[in-house]
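Enquirer: When you get a sec, could you give me coordinates for this:
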Amino acid sequence: MQEAVLQGSKLAIKHKPKGPLLYDLVILPGVTTLNQKTIKKLFKFVQSGGKLLFTYSLPTETVEKGDVNEIRSEMKKLLKLKNDRVEFIHTGLNKEELRKVLQRLSPPAVQLFSEGKHQEDILFAPFRLGDHDLYLMLNTSDTKSSPVEMQITGQGVPGQLDLTTGEIKKITNVNVDKHSIRFNMEFLPTESMVIVVEKDGKNIVSKSGTSATAIKKDYRMILKETWKFYTQELNVLPLTNWTYRIGGPRDSKIGAIHEYETTIEINDIPQIVKLIFDGFFNDRVFNDSQYKEAKLIIEKLEKFGVTETLEPVSVNLTRKYFKRMDSLDPEIYEVDISSMLGKGLHKIIIKTKGVNYDPINLSEPVYLVGNFVLSKTPRGWLIHRETNEIKINESWSAHGYPYYSGVGIYEQVFEVPHKYRKLLLVFNRIDYAAELFVNDQFCGKLCWEPLQLDITELVKPGNNHLRVKVSNTLNNFFVMQQTSSGIIGDVMLDVYN
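Expert: Below is the predicted model:
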């Protein structure tokens, strides 16, 4: 207050770099002691048109003279000076009464009403940018939609800023009087928007189909629970439980042998099955097979519980046999084992041999990848051929893709109603980010709430194709943690008329 100076009917406080901050209302919350210069400044502030609010108690002493009767009489004079500009609130005032006092002293830039009462769920923050007044609005409720009447103090043309295109869409059905503009808007749960008021409206778009018209939701359609689903990359199963054996005499001909053994079980044979290794070729000596060797052996143990005696299938693992798997990491290599598999339980054996050198060690997990889905059994994971269908009642981790990290693609055909003015596609939950395409046209991205997009301009009469590409985190693959992924819960089409 000591640094504040009067500018007309406002108090100005220096603020760098944007210039002084102006205040037309000063609140003294239970202040008991004031500087005499501050008292004189408050008198001039109120006389110039400023407003003053005391709460709980009036000041009773000055810094210079202590507790004196003089300040009590000064406060009484101040209260009588301009009765409509100075208020004294005692304790016990409820929230609604306090709101009325504050609105009388300093009417807010924006007031929001719902059914004649002040709307509590919507917060706003005003900004000024050039000739534009901007109001950042947020519905703090994550469950309730809020139809509101907005009253903005001042004059101008209101519009809604489209954060995707940068256009300011004209708001229609606006009521204007000498002091304010009024219009209706609906805020969906957690929805935020930016309202812009421009003096002349020259930058506000009013083309057909682009207006941010204040219309109410008529009804909601729920899309089918079952979607076509496929992954952009191959599904994955970490092979983490291995039996490790050391064998073979150390002589110049055979050397030391390390043997790693695990099992997989197949119900339906997928078209593509590969093993991927990380770090196998980090060993410089492995380039020369004279000193180090690795062999992959796959034995079929049983078929639906009946043990079979079959010749094991084996291949020598050399650098030429492997292929680099660039989609994951340039140091990860793959070997196709599709032709070596059948239905039933299989034993996978990896033997490594070293002559004059230690054998190669499996220092990183080995993964099985392919176009398969997984189901849990008492013996472990059972491999099935992909069905390319999924229900969105749960994460894709619960529908056969527990360790998949990447992009999952959901597709569905839906029908639009004959009559509508606006169509809003709403998702209950997406983990974690999505890109939407309607009839092969990019619609937008969804990374946080509200999970909704306006698809009015992208649909056509009758059937429409929807494609949603969802990306999850790397937890599923690298951490082997079955993190929630994909579309979860209802996908809805809100119809506005």
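
Enquirer: What does residue 177 show for phi and psi?
Expert: phi -130, psi -170 (degrees, to the nearest 10).

Enquirer: heads up, I number from 47, so please use that
Expert: Happy to do that; since the first residue is 47 now, the last one works out to residue 223.

Enquirer: So what's the residue count around it?
Expert: Neighbour count of residue 223, defined by other CB atoms under 10 Å: 9. Placement of C-beta: from N, CA and C, glycine included.

Enquirer: go on, residue 390?
Expert: Neighbours of residue 390 using other CB under 10 Å come to 20.

Enquirer: Please name the nearest non-neighbouring residue to residue 267.
Expert: residue 539 (4.3 Å; CB to CB, 6 or more residues apart in numbering).

Enquirer: could you measure the one you found against residue 505, distance?
Expert: 9 Å (CB to CB, to the nearest Å).

Enquirer: try residue 192
Expert: Distance from residue 192 to residue 505, by CB to CB: 26 Å.

Enquirer: what's the answer for residue 319, then?
Expert: 40 Å.

Enquirer: swap in residue 290?
Expert: From residue 290 to residue 505 the distance is 58 Å (CB to CB).

Enquirer: between those two, who's got more neighbours?
Expert: Remark: of residue 290 and residue 505, residue 505 carries more neighbours, 20 against 10, as counted by other CB under 10 Å.

Enquirer: what about the more buried one, helix or strand, and which?
Expert: Under the criterion DSSP states H and E, no helix or strand holds residue 505.

Enquirer: what's it in contact with, if anything?
Expert: 462, 469, 484, 485 (CB atoms under 8 Å, 6 or more residues apart in numbering).

Enquirer: Any idea how many residues pack against the last one?
Expert: Yep, that's residue 485 we're talking about. 14.

Enquirer: That one contacts residue 508, doesn't it?
Expert: No: look at residue 485 against residue 508 with CB atoms under 8 Å: they stay out of range, at 11.1 Å.

Enquirer: for the stretch 297-446 of the chain, what spans make up the strands?
Expert: Counting by DSSP state E, counting those that start in this stretch, the stretch 297-446 of the chain has strands at residues 302-312, 319-324, 338-349, 352-353, 359-362, 369-370, 378-382, 390-400, 412-416, 418-423, 426-431, 435-437.

Enquirer: any chance of those in JSON lines, plus distance to residue 451 and mean pLDDT?
Expert: Output for the strands of the stretch 297-446 of the chain, formatted as JSON lines (distance: least, CB to CB, whole Å; pLDDT from 0 to 100):
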{"stretch": "strand 302-312", "distance to residue 451": "20", "mean pLDDT": "89"}
{"stretch": "strand 319-324", "distance to residue 451": "14", "mean pLDDT": "86"}
{"stretch": "strand 338-349", "distance to residue 451": "25", "mean pLDDT": "70"}
{"stretch": "strand 352-353", "distance to residue 451": "37", "mean pLDDT": "45"}
{"stretch": "strand 359-362", "distance to residue 451": "28", "mean pLDDT": "63"}
{"stretch": "strand 369-370", "distance to residue 451": "19", "mean pLDDT": "58"}
{"stretch": "strand 378-382", "distance to residue 451": "14", "mean pLDDT": "81"}
{"stretch": "strand 390-400", "distance to residue 451": "23", "mean pLDDT": "86"}
{"stretch": "strand 412-416", "distance to residue 451": "11", "mean pLDDT": "92"}
{"stretch": "strand 418-423", "distance to residue 451": "14", "mean pLDDT": "95"}
{"stretch": "strand 426-431", "distance to residue 451": "17", "mean pLDDT": "94"}
{"stretch": "strand 435-437", "distance to residue 451": "17", "mean pLDDT": "94"}
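
Enquirer: just so I know, which of those strands lies nearest residue 264?
Expert: Closest approach to residue 264 among these is made by strand 435-437 (28.0 Å; CB to CB).
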